[in-house]
Structure formats: structure tokens, C-alpha cells
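1. let's see this in three dimensions:
(chains A and B)
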Amino acid sequence: MTMVKTRFAPSPTGRMHVGNLRTALYSYLIAKHEGGNFMLRIEDTDQERFVEGAVDIINETLKDAGLSYDEGPDKDGGVGPYVQSERCRQGIYRKYAEQLIEQGNAYYCFCSKERLKSLKTTVNGKEIFMYDKHCLHLSKEEIEKKLAAGEPHVIRLNVPNEGTTTFHDEIYGDISVNNEELDDMILIKSDGYPTYNFANVVDDHLMGITHVVRGNEYLSSSPKYNRLYEAFGWQVPVYVHCPLITDEQHHKLSKRSGHSSFEDLVDQGFLPEAIVNYTALLGWYPEDNEEIMDLDQLTRKFDYRRISKSPAVFDIEKLRWMNGEYIKKMDPDAFFAKALPYIKEAVGEDRDWDYKKLAEMAQSRIEAFLDIVDLLGFFKAVPDYEVSLYVHKKMKTTEALSLEILRAVIPNLKDQEDYSNDALFEDLKTFAKDHGYKNGQVMWPIRTAVSGKAMTPGGATQLMEVLGKEESLTRLKAAVRKLEAYAQQ
RNA sequence: GGCCGGUUGGUCAAGCGGUUAAGACGCCGCCCUCUCACGGCGGAAACAAGGGUUCGAUUCCCUUACCGGCUACCA
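-> Numbers count the residues shown, from 1 in each chain, chains lettered A, B, ... in the order given. Here you go, the predicted model:
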């Protein structure tokens, strides 16, 4: 059995969205599951869409995602170059296209844009076009003459109008189409560059690709590729078409619609491992039902035969959950390092914060790092809040009772020198007991006074420990004033 | 319009002729608890519709509906 070799073949047109990433991931997994070879090829045959720096983005994204390739532009494996514009310059595509012409499978086409346009018809607002094989019937002399005159031209594949073409896909099974449905597709454009359709087939063959992994949008053009393989007498690779990834409205993910790219997600504080893990589950499911998997486990478990046919909706909520799972499992030091910039953004750097403690509070309570900013913001300054925050049914507190308790407890806290969580907690517990309050009744107003929030990443005493004595007392006194003002209304 | 796909809870999904139709996210409730989160327990929620085939269809076939893709000198 020959070694499995897959490739990821993106066009350098910008940031990579989740759909692209998943295609790369599945390609990688299929190869690595079999101990095979994963290759990167850059498909830059469309000069109009080329974006400066996009190749770097692709490299960065693959690196961050952990999808290291065995061969690529910067890693020669003997079948390079790995960038199609370079291959084009070497005349590779031209050579094979001319071979097809000699064999009678392709022909030169000199039709002008205008003539082509006249071939279009509009049905229900949509343009339909089918080339009429006009140039197929040019005589040899005419062709020579036009070529010699340097007339712009393309090279087209000659698809017969009779018969059917069938191809096999691992996921979707056998798919047949009538040849009359197949247009005489362009192989070489008038600018000399090959089309995706052609370059793909030539390169996949020359580079020894055994499994072609790509999005489902290519499914209906795949029969054309088979005609190419047939004409060359090359072996058709194994096709694995992946189902689409869509948004909640079931529209295909795209940058245009503002859908997040891998980099956007990382910027929002998602971990690459979590993104990869979640993405793997969009269109595939492991047999053992275990959803949390790192790349190694994914590699071991991945069986492309279990890829599903139907499109999957990208659910950011589930990604958030999964990211939270990864965050909780992080080593506290690693978490601290990653969280620190966000913590600093939340609380500022003008005070002597115990960043470690803040990180500790956050780790079990966030799903993405950006959450930290909102979560810890109140440490910097108490936000505006409603007095009604002091009312809590279960704690049996009211504004009046809170005021009473705060007034009573402040002297205690003034005397307290040890502002560690444990000492504070013991002190307040005793206070509650002595005054006939329930613990929660005392804690609730303090926590509210000190944070101004209904929910905080820690209890009253934990917050005070971080805030320190001085700041805690300042906040408590301010709360008393606030409640007094309210009582006088 | 034509062609090609797809359709199990809100979402990801298991299932591959006989099941009380898994599990996960989300949602709701309870427990834990100095609030929240974590953790634990429980709950609501699905086979697009109609015909066949069959003793028996979520599973196989056909039709319809809906969704998507292709129909480019874009990939």
C-alpha cells in the first residue's frame, strides 16, 4: 500500500476562516492517522484576489493550530516548487495543456469577451452560460495564424456532449452527470495562468497526492476533473468532500459576512487547541463520544469515513464552553501568563495588585480570555449600581438591613489587621453569630458594597483580601453613605 | 431555469429494519455555597411531508417541500 499523502491548498486571499481551517485539519488528520505525509501548496493563480501578506497568515495559522506540514514552500520534499505561480513560470501547466491539445482533448479558444457575453442568457435573474465550442472547429492554419499574430487566447477542455461521467467520493458515494451538462472549462487563462480546476489536477498528480480533501462546493465540478485524469491516463485520487460550515442563518461562512477568522477568535481569547478541537467536531464525530480531544487524540481517532454529509452550523456558544474547559484545565502558571495582559487591562497597573490572586479567581469563571476584562473591572472602580442590589430574597436582606449591618460591621473591620481571606471570614462569621445574623446576611451587603456587582468572582472576604484594608473600608463607607441617602428619600 | 447534494431536539450529533431514538452545548429546576462560577443530580426538547417495499420503517425506494452548492478567463 502506498503512503497516504494529503495537501492543504489555500489561496492567499486574507485571513483563514473556520471552514478553511477545518479543511486543513481534516487533510492533516487523514494523512497523520495513517502515518502519511501532509503538504502545503499555495494556489495563487488569481492575481486579482491575491492579498499581500496572506501567505504569512496561512503559515501562522497552521503553526498556531499545530498543523505542521511535511512539505511546503519552505520545506522541500522533492516535488516543488510548492507555489503555483512559480510552477507556472516553469511552464508546467502550459506543457500539460499542450499535451492535451495534441491528444485532441483540448483546444485553443480565441473568442473575445464580447462574444462570450453574447452566449449568456438570463433566467430568473441568473446568468447561464455554456460555451458553444465555436473555436473547436478552427482549422489548423487558422490557429497557427492567430497564435503567430499573438492573439489572446485560452485553452479549453473538450468535453463530449454524449455519455455520462461518474466519479466516486468517499463521503457522498458515486455521483454521475450527463456530459452535456459539463462546460468546456478553461484550463489556461489568457494571462497564461492555469485555472484552479486545471492546476489542481496537474499538481495533485505530480506531487503524489493520494487523498484530495476539499469543501463540498467542489462536488459538482468534480466530474470535470475526472475527465482530465482520464485524458492524461492518471490515477484518480481518493476524494473526500467535507460538508459546509454555516452560520446560524445557514449561510456559508465567509469573511464578507463578518464571520470570525481563526485569528479573530484567537484575538478574542480563544485557545488554538480549543478552536481546533471544536472545529473537528463540525462534520465529524468520534466513535467513543468523547468530545474533548487534543490533536494527538484527534489524529488517533479520526476516521474520515465518519465525516457527515450535512452542513454544520458554527455555534460560538459551544466553542465558548469548550474553550472554558481548556482554560480550567490549564496549568495555573500558564493561565497566569496568558491572562495577565487582560487582567492589567481590567484593573489597571497603578496599584500594587496581587495579579496571581486575580488570575486564580478568573480561571474557573471565564470561557474566553476577553471575559476577564468585564469580570474583574470592578476592582479598578466600583461601578454605578442600584441600591436594590442590596435586596436579596434568599439572604433575607433589604436596603435597611444592609445599612444596619454595614454600620455595625465597619468598626470590626477597622480593627481587623489581618486582611487575609481566612482571617476576615472567621471574623465576620463571629460577627454574624454574635449579632444573630446568618452568614449570608452579613456577606451579601459587604460584597455588594465592595464590588457594586450582583455577581463577583469570589466571596466578600476574597474580594477584600485583594482590595486591601484601606480600599475595602473606603468602599464600605461609600456604601453606607449611599444607603443613607436612599433611606432619607 | 438546469444539474448535484443535504434534511434526527434551538445547535453539534449517535443510529446503519425491531431501541424507552444515545451523548454534548444551550435552556430550566434542585443540591453544594460568603454572590457567581466550578462540581453533583434531575427535567423539557427531535426522526420535514406523503406514498411505497416489508410482519415491522428514523433507517431501503419514489415524489413533494425546504435548505445549500455549482452553472466564471474565482478558488
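
2. need the pLDDT of the nearest residue to residue A:235 once chain neighbours are set aside.
-> Among residues not flanking residue A:235 along the chain, residue A:229 sits closest, at 7.2 Å (Cβ to Cβ, 6 or more residues apart in numbering). In short, each C-beta sits where N, CA and C put it, glycine included. Residue A:229 is assigned a predicted lDDT (pLDDT) of 96.

3. the one 4 residues further on too?
-> pLDDT for residue A:233: 96.

4. swap in residue A:113?
-> So residue A:113 comes in at 90 (pLDDT).

5. kindly report the same for the one 4 residues further on.
-> What the model reports for residue A:117 is a pLDDT of 90.

6. quick check: phi and psi at it.
-> Note on residue A:117: backbone dihedrals following degrees, to the nearest 10 are phi -60, psi -40.

7. so how far is residue A:358 from it?
-> Separation of residue A:117 from residue A:358 (Cβ to Cβ, to the nearest Å): 64 Å.

8. which one of those two has more residues nearby?
-> With neighbours defined as other Cβ atoms under 10 Å, residue A:117 and residue A:358 compare such that residue A:358 has more, 25 against 11.

9. so where's the stretch 351-489 of chain A shaky on pLDDT?
-> In the prediction, the stretch 351-489 of chain A carries no residues with pLDDT under 70.

10. and it, which residues reach RNA strand B?
-> When proximity is defined by Cβ under 7 Å from any atom of the strand, the stretch 351-489 of chain A lies next to RNA strand B at A:364-365, A:395, A:421, A:425, A:439-440, A:443-444, A:447, A:454-462.

11. what does the residue in the stretch 1-150 of chain A positioned nearest to RNA strand B show for phi and psi?
-> Nearest to RNA strand B in the stretch 1-150 of chain A, going by Cβ to the nearest atom of the strand, is residue A:129, at a distance of 2.7 Å. When read as degrees, to the nearest 10, the backbone of residue A:129 gives phi -140, psi 140.

12. please look at it and residue A:118 and confirm they touch.
-> No - the pair residue A:129 / residue A:118 is not scored as a contact, 10.3 Å apart, by Cβ atoms under 8 Å.

13. so, in contact with RNA strand B or not, stretch A:187-199?
-> Yes - counting by Cβ under 7 Å from any atom of the strand, RNA strand B is contacted by stretch A:187-199 at A:189, A:190, A:191, A:193, A:195, A:196, A:197.

14. hmm, back to that, filter the residues of the stretch 351-489 of chain A next to RNA strand B down to the ones in helices?
-> Under the assignment DSSP state H, those contribute A:421, A:425, A:439, A:440, A:443, A:444, A:447, A:460, A:461, A:462 to helices.

15. possible to save the residues you listed as a markdown table with neighbour count and distance to residue A:326?
-> Converted to a markdown table, those look like this (neighbours: other Cβ atoms under 10 Å; distance: Cβ to Cβ, whole Å):
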| residue | neighbour count | distance to residue A:326 |
| --- | --- | --- |
| A:421 | 18 | 27 |
| A:425 | 18 | 31 |
| A:439 | 16 | 34 |
| A:440 | 16 | 33 |
| A:443 | 21 | 32 |
| A:444 | 24 | 33 |
| A:447 | 23 | 29 |
| A:460 | 25 | 30 |
| A:461 | 23 | 30 |
| A:462 | 19 | 24 |
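
16. identify, from those residues, the entry nearest to residue A:135.
-> residue A:462 (79.0 Å; Cβ to Cβ).

17. and the closest one, how far from residue A:144?
-> 87 Å.

18. the residue nearest to residue A:235 belongs to a helix?
-> Yes - the assignment for residue A:229 by DSSP: H, G, I helix; E, B strand; the rest coil puts it in a helix.

19. quickly note the distance from it to RNA strand B.
-> Distance of residue A:229 to RNA strand B, computed by Cβ to the nearest atom of the strand, to the nearest Å: 17 Å.

20. I'd say that residue and residue A:236 touch.
-> Yes - using Cβ under 8 Å, residue A:229 is in contact with residue A:236, at 4.7 Å.

21. pull the contacting residues for residue A:122.
-> residue A:128 (Cβ atoms under 8 Å, 6 or more residues apart in numbering).

22. helix, strand or coil: sort out it for me.
-> Under the three-state scheme (three-state DSSP), residue A:122 adopts strand.

23. ok, whatever residue of the stretch 351-489 of chain A ends up closest to RNA strand B - contacts?
-> Per Cβ to the nearest atom of the strand, residue A:459 is where the stretch 351-489 of chain A lies closest to RNA strand B, at 2.6 Å. Listed by Cβ under 8 Å, 6+ apart, the contact set of residue A:459 reads A:425, A:443, A:447.
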